[in-house]
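Trainee: from the sequence below, what's the structure:
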Amino acid sequence: TVAGNGVWVADRNFGTTGFLFGIAQRNGSFVIRRHAATRSWERESDGAAVGRTDTGTRSEQTIWLTEPDGAERAVRRVRLTLDHPARDGVLEVLTNLPAEVAVASAVAELYRGRWSVEGLFLRLTTVLRCEVNTLGYPPAALFGFGVALAVGNVPAAVKGALRAAHGAAVAGGVSDYHRALEVSGACPGLWIAVPVETWAGLGAWSVGQMAEWLKGLARCANLGRYRQATRGPKQPKPPRTRFPGPNTSRHRGCAAVNRR
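Mentor: Residues are numbered from 1 along each chain as shown. As a prediction, this is how the structure comes out:
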């Protein structure tokens, strides 16, 4: 499916030699985070600082990746050194886009935009249950996923109304899970209490009328009921060892069992 003029953006698990070289050989472009365990090169240019972002400093250099057969390919390595490290403190992105097409800041922003897609898939999975375990047939699973994608426009519109009514900073702390939980619990009562004709009339509204109605409802919402849980600071990972736990010998126990 790789074709020319296409840019593939992916996490570091896709940063393998075969994937990167395969995209380039099909005249495609990539913006993929570097994986420390799967990349190798023997020469590189000097790094150069290329400014700051709101989260850290950027630098750039050229490295020549090598395949097992010795073939080389020059790619740009854009490094973002974070002011407040979340894990390792450095984010490295590899790309074969020319500098005249995408400067280092554009490459970094393009990769950061991947998180908006990641967040969408997380909401589809946890809030809208797009991965139904009982849908074992691939066509049924794809249909369920497509339904979740379409329905995902509804909570997105509600979140937009909350941003318009309370500001983006306040709406950013609202939990999608708690909003969906209230809707799933309140809807059966609404179907009983509100006449069907009322719901049918909403379909004749214009986009502007619907937007004003949603903003009016959003102004009355008690956002404290849907507060998003805050995540504590990440704890450093323990150093990796060869053995997962204490190396306890069971030789005497096995001998005792054999005697019995």
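Trainee: for this structure, which spans come out with low pLDDT?
Mentor: Residue ranges of the chain with pLDDT under 70: 37-39, 84-89, 231-234, 242-260.
Trainee: tell me where it has strands.
Mentor: 7-10, 29-33, 41-44, 48-52, 56-66, 72-82, 90-95 (DSSP state E).
Trainee: could I get these as CSV with mean neighbour count and distance to Gly18?
Mentor: (Each C-beta comes from the backbone N, C-alpha and C, glycine too.) Below are the strands of the chain laid out as CSV (neighbours: other CB atoms under 10 Å; distance: least, CB to CB, whole Å):
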stretch, mean neighbour count, distance to Gly18
strand 7-10, 16, 13
strand 29-33, 21, 12
strand 41-44, 12, 16
strand 48-52, 13, 29
strand 56-66, 17, 12
strand 72-82, 18, 12
strand 90-95, 21, 14
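Trainee: in a markdown table: the ones you listed, plus distance to Gly208.
Mentor: Putting these into a markdown table (distance: least, CB to CB, whole Å) gives the following:
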| stretch | distance to Gly208 |
| --- | --- |
| strand 7-10 | 35 |
| strand 29-33 | 38 |
| strand 41-44 | 55 |
| strand 48-52 | 41 |
| strand 56-66 | 41 |
| strand 72-82 | 41 |
| strand 90-95 | 41 |
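Trainee: do you know which of the ones you listed lies nearest Gln228?
Mentor: For those, proximity to Gln228 was assessed by CB to CB; strand 72-82 is nearest, at 22.5 Å.
Trainee: now do that closest one: which elements does it pack against?
Mentor: Applying 3 or more CB pairs under 8 Å, 6 or more residues apart in numbering; DSSP states H and E, we find strand 72-82 packed against helix 17-25, strand 56-66, strand 90-95, helix 104-112.
Trainee: what's in contact with that strand?
Mentor: Applying CB atoms under 8 Å, 6 or more residues apart in numbering, the external contacts of strand 72-82 come out as 20-21, 24, 34, 44, 47, 50, 53, 55-67, 89-97, 99, 104, 107-108.
Trainee: and if you look at stretch 35-51?
Mentor: So stretch 35-51 is contacted by 12-13, 15-17, 57-66, 77-79, 94, 103-105 (CB under 8 Å, 6+ apart).
Trainee: how about 6 Å then?
Mentor: Defining contact as CB atoms under 6 Å, 6 or more residues apart in numbering, one finds that stretch 35-51 is touched by 12, 15-16, 58-66, 104.
Trainee: and what of stretch 192-210?
Mentor: So stretch 192-210 is in contact with no residue, going by CB under 6 Å, 6+ apart.
Trainee: next one: that stretch to chain centre, how far?
Mentor: Relative to its chain's centre, stretch 192-210 lies at 35 Å (CA atoms, centre = their mean, to the nearest Å).
Trainee: stretch 120-129 too?
Mentor: Remark: stretch 120-129 is offset 11 Å from the chain centroid, using CA atoms, centre = their mean.
Trainee: could the helices and strands packed on strand 72-82 go into TSV alongside distance to Ala141?
Mentor: Converted to TSV, those look like this (distance: least, CB to CB, whole Å):
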stretch	distance to Ala141
helix 17-25	25
strand 56-66	36
strand 90-95	32
helix 104-112	29
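Trainee: which of the ones you listed sits closest to Val132?
Mentor: Closest among the helices and strands packed on strand 72-82, once you apply CB to CB, is helix 17-25, at 29.7 Å.
Trainee: ok, and for the closest one, which residues are buried?
Mentor: Buried residues in helix 17-25, counted by 16 or more other CB atoms under 10 Å: 17, 19-21, 23-24.
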